[in-house]
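J.: What follows is a predicted structure for the sequence shown.
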Amino acid sequence: MVFLIVSTDGRAMINTEAVLFDIEGVLHVGGVPVPGGTAVVKALQAAGVLFRCVSNTTRSSRAALAAKLEGLGYDIPASSIFTPSVAAVREIRRRGGGPCYLLTTGDLHTDFSAAGIPLGAGEEGTRFVVVGDAGDEFTYESMNRAFRLLLQGADLIALEKDRYWRGAEDLMLSAGPYVTALEYASGARAHLVGKPSPAFFARALDDMGVAPGDAVMVGDDIMTDIGGSKGAGMRAVLVRTGKYDEKFVNQARVVPDAVIDSVASLGEVVRLR
């Protein structure tokens, strides 16, 4: 199946064979489904259109994300969801494995444990410091432990470097500011495995057998989703839900290929050819 993205005046913009969706801020906001989102996903599934979810969420395992989406009315299997934790597991294995200090929250640790990666509280011999959105687990003690491990030679892996995200009530700090603080203090340079890393988008595209130029990203973050996907060779549609902020969009040196009110309006810029 091939979709044609068109502008509001009917002019053809790009052809695409597949769609990548961000989850938080696009399919739901603060645990509340975006109205019309489930209908869009069901329409793509009914038409046999390839799609994957690429999330920078680092508070939940891939299985937990699939279960949450199911509870919100989406039928998206865990195998169709790509998260930074999955990418980090692959990167750690590529480097020969070893114990890691995981600075996150929620059940994300299950993705690492299931892969056989030893997790510790920062013991000597730790090879990797893996940082995601740890929420209230970002304390002086935990940050200082990560800092000392980096000084001892551990590698720093950033699950994501988002500046903020929108929770149920308002904007909230994400992992980016904390990763940057550790880089500044230790002199280490983080290896980013989540968005906007081109390799992260490439894994989802490879899973579908689709080239970057034949896919479109739908996201709410002008830098991470839109800038990241365009940097990976894709086209990008920005939604005005989630963390969307017109001020930041105007300040960014990134231009989306289309801007829509929400994922429910995807039909206004995408149609079957």
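T.: Good, I have the coordinates. Numbers count the residues shown, from 1 in each chain.
J.: roughly how far out does the helix or strand harbouring residue 206 sit from the chain middle?
T.: Here residue 206 sits within helix 198-208, counting by DSSP states H and E. On the basis of Cα atoms, centre = their mean, to the nearest Å, helix 198-208 is displaced by 12 Å from the centre of the chain it belongs to.
J.: Also stretch 261-268?
T.: That offset, for stretch 261-268, works out to 20 Å (Cα atoms, centre = their mean).
J.: For it, buried residues please.
T.: Under the neighbour-count criterion of 16 or more other Cβ atoms under 10 Å, stretch 261-268 has 262, 263, 264, 265, 266 buried. Quick note: C-beta positions are derived from backbone N, CA and C, even for glycine.
J.: Of those, which is the nearest to residue 146?
T.: Closest to residue 146 out of those is residue 263 (35.7 Å), distances taken as Cβ to Cβ.
J.: The nearest residue to the closest one once chain neighbours are set aside: neighbouring residues, count only.
T.: Using Cβ to Cβ, 6 or more residues apart in numbering and skipping residues adjacent in sequence, the residue nearest residue 263 is residue 37, 4.9 Å away. By other Cβ atoms under 10 Å, the residues close to residue 37 number 24.
J.: And for stretch 239-249, what's in contact with it?
T.: With contacts defined as Cβ atoms under 8 Å, 6 or more residues apart in numbering, stretch 239-249 is touched by 22, 24-26, 29, 34, 164-166, 171, 218-222, 238, 259-263, 265.
J.: again, only this time at 6 Å
T.: Stretch 239-249 is contacted from outside by 25-26, 29, 34, 165-166, 220-222, 260-263, using Cβ atoms under 6 Å, 6 or more residues apart in numbering.
J.: What's the local residue count around residue 138?
T.: Residue 138, neighbours per other Cβ under 10 Å, totals 20.
J.: Phi, psi for it please.
T.: phi -80, psi 90 (degrees, to the nearest 10).
J.: Run a quick neighbour tally on residue 252.
T.: 14.
J.: so what's it up against?
T.: residue 222.
J.: mind running it again at 7 Å?
T.: By Cβ atoms under 7 Å, 6 or more residues apart in numbering, the contact list for residue 252 reads 222, 223.
J.: Relative to residue 41, how far out is it?
T.: 27 Å (Cβ to Cβ, to the nearest Å).
J.: And residue 230, by the same measure?
T.: For residue 230, the distance to residue 41 (Cβ to Cβ) stands at 23 Å.
J.: Comparing those two, which residue is more hemmed in?
T.: Neighbour count, other Cβ under 10 Å: between residue 230 and residue 41, residue 41 has more, with 23 against 18.
J.: Tell me how far residue 193 lies from residue 80.
T.: 19 Å.
J.: More neighbours: which of those two?
T.: residue 193 (25 against 19).
J.: Excluding sequence neighbours, find me the nearest residue to the more buried one.
T.: Closest to residue 193 by Cβ to Cβ, 6+ apart is residue 87, at 3.9 Å.
J.: Wait, the one you found touches residue 194, no?
T.: Yes: counting by Cβ atoms under 7 Å, residue 194 is a contact partner of residue 87 at 6.5 Å.
J.: what about the two, which has more around it?
T.: Under the criterion of other Cβ under 10 Å, the comparison of residue 87 against residue 194 puts residue 194 first, with 29 against 22.
J.: Contacts only, for the more buried one.
T.: Counted by Cβ under 7 Å, 6+ apart, residue 194 has contacts 56, 84, 87, 159, 160, 200.
J.: switch to 6 Å and redo it
T.: Residue 194 touches 56, 84, 159, 160, 200, counting by Cβ under 6 Å, 6+ apart.
J.: can you name the two of those residues that are farthest apart?
T.: 159 and 200, at 10.1 Å, using Cβ to Cβ across these.
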